[in-house]
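>>> structure for this input, please:
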Amino acid sequence: MDCSELLIFVFFGFGLTFCSQAHFYEYHHVNRPMTWTEAQRYCREKHTDLVTIESAEDMSKLKRSNSHTGLSWIGLTDDPKSWKGVMGNDVNSWRWSATGETAKTDYQNWAPNEPNYGQVREPCGFIDDNGLWLDGNCSVKYHFFCFNGRWWIGLYRVPWRWSDNSNNSFKNWQSGQPDVYYKDEHCVAENSDHDWADVMCTDINFFWCYKDLRVKNTMVRMKIQTTADLSDPAIHAQILQQLGERFKTLRSDVKLRWVTEPEKQEEETDEG
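Purely as a prediction, here's the structure:
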């Protein structure tokens with residue numbers, strides 16, 4: 001994602017640049033029962049998208065303003081089309097271990113009724129004695145081959161994706177979840193304790209939206225009155241350290257560096 005930038009000009013023509021990956025998000029709990037798809041459309045029209053949760057700190061900010069204790073949609077979903085044999089560019093589709101990328105062609109050799117994803121616990125691929133592909137639990141111990149044998153093959157997929165397509169691996173599943181208890185549980189909702197469960201996307205729930213408030217380019221001008229030598233690298237380091245301590249109050253990595261503005265050249269004049 002783009003980082004916000006803050007340029008601080010200091011006295012004597014020296015400056016600091018600041019770049020942060022901080023999230024400036026507003027979270028909205030919408031008390032309007034909808035399906036997951038309806039909730040996604042609403043969030044995209046009124047805000048930015050269904051909420052993406054990247055950390056326990058994000059979860060702590062999801063504070064409901066009412067006494068609702070039921071499930072609420074979040075922006076996590078798993079498209080069944082992407083694991084039922086799709087080998088193309090879909091973010092959830094199968095990919096090869098050698099490249100970490102989805103297949104360049106549509107070639108596949110799945111056994112009948114495979115892949116079936118076995119209660120969302122089979123994201124790795126193996127082959128049977130007939131050379132047919134099946135999906136299996138990655139923790140099961142099989143023989144394997146490196147390009148020229150059998151059993152485990154280099155096929156896997158990364159299940160579950162966020163509505164805004166963010167690259168985020170944080171999960172907070174409720175014990176025993178996801179389980180696809182019913183056949184079509186491909187969307188995720190959280191309970192009042194912020195534990196997640198997979199449920200049917202056609203269920204009716206309240207939901208969480210987020211609004212992206214990031215500032216991409218902001219400029220602040222300031223003067224520093226000091227007798228210190230601002231051309232001294234040691235002084236640079238001290239100032240960066242002090243500012244770094246202040247910026248630690250942000251909830252993300254902060255990078256500071258010292259830059260020097262080029263001096264303006266005086267125009268030459270002819271004296272006659």
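>>> helix or strand: which one has residue 58?
helix 56-60 (DSSP states H and E).
>>> which positions within that helix qualify as buried?
58, 59 (16 or more other Cβ atoms under 10 Å). Yep, even glycine has a C-beta here, placed from its N, CA and C like the rest.
>>> gap between the helix or strand following that helix and the chain center?
Going down the chain from helix 56-60, the next helix or strand is strand 72-77, by DSSP H and E. Averaging C-alpha positions (Cα atoms, centre = their mean, to the nearest Å) puts strand 72-77 14 Å from its chain's average.
>>> and stretch 173-193, by the same measure?
What separates the centre of stretch 173-193 from the centre of its chain is 20 Å, taken as Cα atoms, centre = their mean.
>>> the longest strand seen in the chain pairs with which strands?
Longest strand of the chain, by residue count under DSSP state E: strand 25-34. Paired strands of strand 25-34, with direction, are strand 205-212 (antiparallel) (DSSP bridges).
>>> and for the partner strand, what's in contact with it?
Strand 205-212 is touched from outside by 24-34, 36, 39, 42-43, 46-52, 62, 68, 70-75, 189-190, 199, with contacts defined as Cβ atoms under 8 Å, 6 or more residues apart in numbering.
>>> kindly report the same for stretch 111-121.
So stretch 111-121 is contacted by 78, 80, 83-85, 94, 122-123, 125, 128, 130, 132-137, 159, 178-180, 198 (Cβ under 8 Å, 6+ apart).
>>> pull out the buried residues from those.
78, 83, 85, 94, 122-123, 125, 133-136, 159, 178, 180, 198.
>>> picking up where we left off before, tell me which of the contacts of stretch 111-121 fall in strands.
Per DSSP E, strands hold the following members of the contacts of stretch 111-121: 125, 133, 134, 135, 136, 198.
>>> out of these, what pair is the most spread apart?
133 and 198 (24.4 Å; Cβ to Cβ).
>>> residue 173 contacts residue 190, doesn't it?
No. The criterion here is Cβ atoms under 8 Å, and residue 173 misses it with residue 190 at 10.2 Å.
>>> please give me every residue in contact with residue 234.
Contacts of residue 234 (Cβ under 8 Å, 6+ apart): none.
>>> swap that for residue 71, sorry
Counted by Cβ under 8 Å, 6+ apart, residue 71 has contacts 189, 190, 191, 197, 199, 203, 205, 206.
>>> farthest pair within those residues?
Across those, the longest distance by Cβ to Cβ is 14.6 Å; it joins 197 and 206.
>>> and for the residue lying closest to residue 91 once chain neighbours are set aside, the neighbour number?
Closest residue to residue 91 apart from its sequence neighbours, by Cβ to Cβ, 6 or more residues apart in numbering: residue 161 at 5.3 Å. Residues lying near residue 161 (other Cβ atoms under 10 Å) number 19.
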